[in-house]
Each structure stands twice: as structure tokens, then as C-alpha cells.
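[1] 3D, please:
(4 chains)
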2 protein chains.
Amino acid sequence: MSSKSPLYRKVAGDLRTAIAAGEYGSGARLPAEDELARRYGVSRGTVRQALASLRADGLVTSRRGARRVVLGGAPRLQSFGELRSFARWARSLGEEPGGRTVAVDPAEATEEEAHHLQLPPGTRVFRVRRVRTLSGAPVMVERSTYPERIGLLVAEMDVDEVSHSHQLELHGVLFTDAHHTIDVAPADADDAQLLGCGVGHALLRERRRSTDPAGTPVEWSEDRYLPGTVAFTVHNSVATSALGRQLGEE
Amino acid sequence: MSSKSPLYRKVAGDLRTAIAAGEYGSGARLPAEDELARRYGVSRGTVRQALASLRADGLVTSRRGARRVVLGGAPRLQSFGELRSFARWARSLGEEPGGRTVAVDPAEATEEEAHHLQLPPGTRVFRVRRVRTLSGAPVMVERSTYPERIGLLVAEMDVDEVSHSHQLELHGVLFTDAHHTIDVAPADADDAQLLGCGVGHALLRERRRSTDPAGTPVEWSEDRYLPGTVAFTVHNSVATSALGRQLGEE
DNA sequence: GGCTCCAAGTTGTACGGACAACTGTTGTAC
DNA sequence: GTACAACAGTTGTCCGTACAACTTGGAGCC
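    Purely as a prediction, here's the structure:
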């Protein structure tokens, strides 16, 4: 198997599984960078690249002078792969994802849609509405707007297709960046009917703008989840020196 | 002003302001790494470190073979970076943050609290309840649990102190990492009274576990926001994944 | 015991070089 | 004109080195 993945990814993966397996328990200190470099026969820079990835995912701390410490507590999920695709996310948690496309409508972009997709207002777009299920129970209504190029591909898919993003990948359409806004919104008549809740019932709302590797918007979507079915988790860390810059800086 | 901040930070800051000032509009291509390195008189590695920071914030794309592209369109609310402090976040949006401490209670840690703070159950902790306001209007109830060491500091603060985290910083307590879980929860009697809504009213809930640079938990908090007052924004990309989605309750 | 101080260990920053992989453009052939 | 091929430009990966900044633990002292 000719693995084309870079070295630092291999190192990062090993460390991830080692942590997940409990070889380094919560609060344990990782081996030093030099030690890891020797162990894997790579340079320190490569090890640092691997560790930066773990840090970004909130698995370890990292500060000058001290070895890295494993941050315990939270369940560790592969982050972006799951978020990019409802189907992939559900399966990674052992749930069976399902879905049904309720409507695919060509339309002219509203001002808001045009803005988020960076198109001139009135451009032809596709609006797709879907119900998403976990183990058969409806949990989410998804309203997506696609540029025409993408929408045409979506329109050809089976209404029971589970993963649109996977199908789009096969056509060379990639979602690499996404900006999310999360808040609460009341169910409208459609939501209520599709999710089986009352009109006005509070739903967890996620609005999302996805772009491809070139930075071109490829999707503008609004998802509404039944409360209790899903929670969003985020990890964030501060770069450095919060103390060093309360004076004069910037 | 002898700025001790590293070089790559200076470069990153310059690029950030240049983008914010519109020198590179949405979709524009940044100068090549070599060009930037020449321009600033630094090595390419340093430039790459600066650009990695922009990428992590979702300001630019980056892929092999092509110049970086500015990702426009996104409203420039400071995202989760400011999330570690309600006061700082509010001020960055031009709102006047306020708050009132409703209760500070020493207590013995419940099983859940002990778990999140990585303490033995029954350890003494402090529970602090606060109402947070924006321009005078209450928007959020904050229930935090601190280890005794931190709680003692909080207990001494003025009940009208706006920023606990700032005060704690002055005592050398830093919050550098945080793990957030966001979902919807109904208002209980206290929430209803403090926020002026009905019991059972759906609130946007954020649960947070913060740690210091050494990885020691320093706060476990549950915040409940009135819908419509705030929204959480997150950016993620394949390289800098910092977001996950998690099922149900534990 | 408790304290200061020092040395070893560790990560952060920055430099330099080399090659691989990919993109966009240009130019040629048909 | 269209399709293909070559090419220059650009970012990704990896190596090596050096020093700075910081943490930790232990030695020594009071």
C-alpha cells in the first residue's frame, strides 16, 4: 500500500490512537519532541507539525519550558470530517443516518442568498430541502441553497441518497472551509410537520456557508435540529501570553 | 515600546489589518510567500507561520500550487477567540457589558462537577451564579463552579465586577483552553426570574470547561442565553479543525 | 521544614536549504 | 477553435541548526 500521506500525519495519527487507547492518561505528559523525533526517525520540525494538529483539536496543551500534557475529559471525535457530512458524523457515533429529499427547486437568488454565495442577486440557484434522521427518527430539517453548477448535480440524485457531500465529492466538488453560526429559532409550519413538533417550538439552528479549496462558495445552508438530539462541541485555545499584552500592545 | 512579540505575529497582524482595510478584497490573491518574506525581511518559515494563523481564523484559503485567496463575505465578528470572556467579547462588538453576582456558595463537588474539574468527588468548590447584561438588558445566566483556590479569589470580588476573568488574570490565573458544548435547554425557575422569561422557555445553552496552561481545570460553567441576543460563530477547515458535533446528553 | 538559586530539560522562534506536488498560463499541434 | 503539452510559479513537506524563553526538580542553605 503506497501511503501517500505525509510523515507528520502518520506521527499525529499514532499519537492520537495512543492517547485514545489510554497510553497517556488524562494529565499525563507526552514524550519530548526530541524523543519523538528519535523514535520515529524524523526531524523535530515534523514532530512539531504533528503536535500542532493535536493541539488544534484540543487533545494536548503546550507551553514553553514544559512537556505537553494530555487534556482529558471530553470525548474525542474526529472533528471536521464529521461536521462536513451529517452521514459521516452519524456513522462515526454508531448511529444509522437517513434522509429524504423533500424538495428541489430552481429559483432566483434572494439578496441574502446572493450575498452568501457571492453571486449577483437574481442568479439561478437551487434550493434543496431535506429531512435527516437518526435510526429512523427525524432530527433535523436542512434547507440548502446551491449555485446552479452544484444544484444540477444534487437535483439528479436519488431522493433517498444519504450523503450528498459524498456524491458531490465523486463529481470533484469539495467542501474544505465552512463558517457556522449557531443559535435558536422557532419552528415554522414546515419544520413542525417534518419534525413532528409544534409550530413555534424552539429548535437549535445552524447556518453554514461552505466553500471549496479555491474559496468559491458552494453551499449556503440552514439546519434546524430538534432539541436534545444533537449538541455542538467546540474547542478553542489562546495562542500565547495573555498576560504579556494587557499593557500597551496593539 | 519594546514589543517582545515574535516576528510572525507582527507579519500576521499586518496582513490581518490589510485584509480588514480592504487592501485585499474578497477573492483577491495574497502575495506569494517568497514575496512576503522579501518584503518583511524574514524567512519563508516565519511567513508561513503567520499565514497559518490567518488560515486558522478562516481569513484565507490555502492549497498547493495556487496563491492564497481571501475568504470574504463572512461577518467579522470575532469568533471563539473572544469567547473566553463575556466582557471582552461584548466590548469588541461595541456593546457595554454588565453583570451582577447573585450568589457565591461554597459547596462539595457533585459527581459531575468533580469529573469536569478532575477532582475527587466531595472536594470543596465554589458555585457562583451571575446575571450578565448587554447595555443594561439581562441576556444570560452564568452558573460557574470553581476549584477552591480560584473560588476564593472570585468570592472576594465586587458583586458588580464586570470581568471575573480579567481579575483572575491579575492574580496569575489564566484560561488558555476551553471546551464548549452548545445546545438548547429549558429555563428553570431561577432562569425565568433572572431573565424575565417564562419557566420552560427555550434558552441557548453553552457548557464550558476551561483549563490553565498546565492543563489543570479551573472552571466548569453553564451559561444560558435568551434566544435572539447572541449567536455562536465558528470557522473550520480541513487543516485547522476545531469543531465537532456530539450526540445527545451523557 | 522551608527557602533561594542553579542547572538541566523542554518548547518557542527563526534561519537556511532542498525537493515534491500541484495550478494556471502559455504555446503548440491538429 | 480545441485539445494537449510544456513551463514557470506557488505551496506543501522535510531536513538541519541555533538560540531564546520558560519550567521543573534538586542541591544547598538558613
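[2] dihedrals phi and psi, whichever residue of chain A sits closest to chain B?
    Here the residue of chain A nearest chain B is A:Ala202; by CB to the nearest CB that distance is 3.1 Å. All C-beta atoms are positioned from the backbone trio N, CA, C, and that covers glycine. Per-residue torsions, A:Ala202: phi -80, psi 130 (degrees, to the nearest 10).
[3] next: A:Ile150.
    Residue torsions, per degrees, to the nearest 10, at A:Ile150 are phi -80, psi -40.
[4] with A:Arg88 instead?
    phi -60, psi -40.
[5] check the one 5 residues further on too.
    Note on A:Leu93: its backbone torsions stand at phi -100, psi 10 [degrees, to the nearest 10].
[6] distance of it relative to A:Ala87?
    11 Å (CB to CB, to the nearest Å).
[7] those two - which one has more neighbours?
    Taking other CB atoms under 10 Å in any protein chain shown, A:Leu93 and A:Ala87 do not tie; A:Ala87 has more neighbours (20 against 15).
[8] element containing that one?
    Here A:Ala87, judged by DSSP states H and E, is contained in helix A:86-92.
[9] follow-up on the earlier one: quick check: the gap between the residue of chain A closest to chain B and DNA strand D.
    Distance of A:Ala202 to DNA strand D, computed by CB to the nearest atom of the strand, to the nearest Å: 41 Å.
[10] what segments of chain A are helices?
    For chain A, applying DSSP state H gives helices covering A:7-20, A:33-40, A:44-56, A:79-84, A:86-92, A:111-117, A:148-155, A:164-170, A:189-195.
[11] per-stretch mean pLDDT over those, give me the minimum one.
    When these are ranked by mean pLDDT, helix A:79-84 comes last with a mean of 57.
[12] pull the number of nearby residues for the closest residue to A:Tyr40 other than its chain neighbours.
    Excluding the flanking residues, the one nearest A:Tyr40 by CB to CB, 6 or more residues apart in numbering or on different chains is A:Val11, at 5.5 Å. Applying other CB under 10 Å, we find 23 residues neighbouring A:Val11.
[13] shouldn't A:Val11 be in contact with A:Gly41?
    No - the criterion here is CB atoms under 8 Å, and A:Val11 misses it with A:Gly41 at 10.3 Å.
[14] follow-up on the earlier one: any idea how far B:Met140 is from the residue of chain A closest to chain B?
    From A:Ala202 to B:Met140 the distance is 16 Å (CB to CB).
[15] can you redo the helices of chain A as CSV with distance to A:Glu222?
    Listed next are the helices of chain A as CSV, based on distance: least, CB to CB, whole Å:
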stretch, distance to A:Glu222
helix A:7-20, 33
helix A:33-40, 44
helix A:44-56, 27
helix A:79-84, 15
helix A:86-92, 14
helix A:111-117, 10
helix A:148-155, 16
helix A:164-170, 15
helix A:189-195, 11
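[16] quick one: which of these is nearest A:Arg207?
    helix A:111-117 (8.8 Å; CB to CB).
[17] which other helices and strands contact that closest one?
    Contacts defined by 3 or more CB pairs under 8 Å, 6 or more residues apart in numbering or on different chains; DSSP states H and E place helix A:111-117 against strand A:137-147, strand A:217-225.
[18] and the shortest one, which residues are buried?
    In other words, strand A:217-225. By neighbour count with 16 or more other CB atoms under 10 Å in any protein chain shown, strand A:217-225 contains the buried residues A:217-221, A:223-225.
[19] does it come close to DNA strand C?
    No - using CB under 7 Å from any atom of the strand, strand A:217-225 never reaches DNA strand C; the gap is at least 14.9 Å.
[20] in its sheet, which strands sit next to that strand, and in what direction?
    In the sheet, strand A:217-225 lines up against strand A:137-147 (antiparallel), strand A:202-211 (antiparallel) (DSSP bridges).
[21] contact partners for A:Pro217?
    A:116-118, A:147, A:209-211, B:73 (CB atoms under 8 Å, 6 or more residues apart in numbering or on different chains).
[22] burial measure for the closest residue to it other than its chain neighbours, as a count.
    Counting by CB to CB, 6+ apart, A:Pro217 lies nearest to A:Leu117, which is 4.6 Å off, once chain neighbours are set aside. A:Leu117: 23 surrounding residues under other CB under 10 Å.
[23] distance check, A:Leu117 against B:Pro213.
    Computed as CB to CB, the A:Leu117 to B:Pro213 distance reads 41 Å.
[24] check A:Leu194 too.
    47 Å.
[25] got the residues of chain A near DNA strand C?
    For chain A, the contact set with DNA strand C under CB under 7 Å from any atom of the strand comprises A:4, A:30, A:32-35, A:45, A:48, A:51, A:62-68, A:214, A:240.
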